[in-house]
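A.B. asks: Output the structure for:
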Amino acid sequence: MRLKGPRLRTAVRALAVALGTGLLAVATTNSAYAAGTVPQRLNLNLPSCPSVVKQGENDGCVTELQTLLNQRGAALTVDGDFGAATLAAVKAFQTAKGLGADGQVGSLTRAALYYVDPAVPIDLGALTCPVDLHAGENDGCVTELQNLLNQHGAALTVNHTFDTATTTAVTAYQTSASLPATGVVDPATKAKLYGRPAPQTPPDLGTGRYSAVVTMAQASLDSNIPYVWAGGHEDQDFGPSIGSCENYGGDIQPCPADHTVGLDCSGFTRWLYWRAGAGDIGSTTKDQIVNPRLQTVSLANAVPGDLVFFGTLPITPHHVGVYTGTVNGVPMMIDEPYTGTYVRYEPVSSASGLMGYYHVG
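C.D. replies: Here you go, the predicted structure:
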């Protein structure tokens, strides 16, 4: 995570056109990204993407466009090349949305591609939903929550907004289910609502944690998890969350973080190590690098699964990734780079200010 102050949760989070909505995994391209054969995805709202994406372009903006079209029913080969098949898919999408079918992706088509109807429920266990649902959220996760609460005896108006009535219903349900009545829909509350097994703390994998971290990081390449400033910084729970706009400095304006679900770089590494049974290694990059469990190691002694930090020595990091080994002598990592991108597999040299490699003891 780029350094920031204490997290500020915005009271009202409206669903908006922002970073890669639609986190549902699709059988597309990230494995190809990992092989270096496809341009890495770039959110179409980044200044580096042209205001109008059209036939003939070949870059990460087209990779993103093709991925979004496939999430909405197309069957494109995602290769970053805006050719005839992509043109036909854009026109078909525009026609279905009542837009001028000119095959060019301008502001209206971009907005339609990123729009997700909040009235459509989303399973609370999906990565599309934050690990904890809080008051103020407005999306399909809340629609699902309200439906579930009504199945358990509430009488809510299903309006996809986590309002006062929904908070009251959540608290009442938690009390009836012998859960802490926090009004926050955490993993335990989600499990109880569905009648699923209670979530368990992942077991410590010991020396096996490092290969597990790499395996989970590789799986994340196919999960469409966007970089979100301060995403993954819940106090008690781990995983994708709605972020914050406090101290935000990303290239997409206005700031999308406070209504987008995802992870920042340190939220990503924190989530991976927790799932590998290592506990909480720290929320921010600065928290992590000063964790006494972390010890610096040379590249020669680094093992896949170690952390690699970037910033200014001795302890002012601005980025962190997971080292995955070398390919043809090139050190590689998996990370969440910056606003407008998704989990990536890329050379360590892609980030500036290498501080070193760190082993979690």
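
A.B. asks: can we go C-alpha only for contacts and neighbour counts from here?
C.D. replies: Will do.

A.B. asks: so what pLDDT did the residue most central in space within the chain get?
C.D. replies: Residue closest to the average C-alpha location in the chain (C-alpha atoms, centre = their mean): Gly262, at 2.6 Å. Listed pLDDT for Gly262 reads 98.

A.B. asks: Report the contact partners of it.
C.D. replies: By C-alpha atoms under 8 Å, 6 or more residues apart in numbering, Gly262 lies in contact with 130, 225-228, 231-232, 240-243.

A.B. asks: among those residues, who's most crowded?
C.D. replies: Within these, most neighbours by other C-alpha atoms under 10 Å means Val228, with 37 neighbours.

A.B. asks: Surely that residue is in contact with Phe268?
C.D. replies: No - using C-alpha atoms under 8 Å, Val228 makes no contact with Phe268, being 10.1 Å away.

A.B. asks: about what we covered before: what bridges to the residue nearest to the centre of the chain?
C.D. replies: Ser241 (DSSP bridges).

A.B. asks: Could you report the distance from it to Tyr227?
C.D. replies: According to C-alpha to C-alpha, to the nearest Å, Gly262 and Tyr227 sit 6 Å apart.

A.B. asks: out of the contacts of Gly262, who's nearest Gly361?
C.D. replies: Among the contacts of Gly262, Gly232 lies closest to Gly361 (C-alpha to C-alpha), at 22.0 Å.

A.B. asks: my guess is the closest one is in a strand, correct?
C.D. replies: No - Gly232: not assigned to a strand; according to DSSP: H, G, I helix; E, B strand; the rest coil it is coil.

A.B. asks: Now do the contacts for the residue nearest to it when sequence neighbours are not counted.
C.D. replies: Leaving out its chain neighbours, the residue that sits closest to Gly232 by C-alpha to C-alpha, 6 or more residues apart in numbering is Gly267, at 4.2 Å. Residues near Gly267 by C-alpha under 8 Å, 6+ apart: 1, 230-233, 238-240, 283-284.

A.B. asks: Distance to Leu313 and pLDDT for those - can I get that in TSV?
C.D. replies: Shown next, in TSV, are the contacts of Gly267 (distance: C-alpha to C-alpha, whole Å; pLDDT from 0 to 100):
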residue	distance to Leu313	pLDDT
Met1	16	40
Ala230	22	97
Gly231	25	98
Gly232	25	98
His233	24	97
Phe238	28	97
Gly239	28	97
Pro240	29	98
Ser283	19	96
Thr284	16	96
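
A.B. asks: top of these by neighbour count?
C.D. replies: Within these, Ala230 tops the neighbour count with 34 neighbours, counted by other C-alpha under 10 Å.

A.B. asks: Tell me how far it lies from Ile242.
C.D. replies: Counting by C-alpha to C-alpha, the gap from Ala230 to Ile242 is 8 Å.

A.B. asks: joint contacts of those two?
C.D. replies: Joint contacts of Ala230 and Ile242 (C-alpha under 8 Å, 6+ apart) are Ala257.

A.B. asks: Understood, closing this out.
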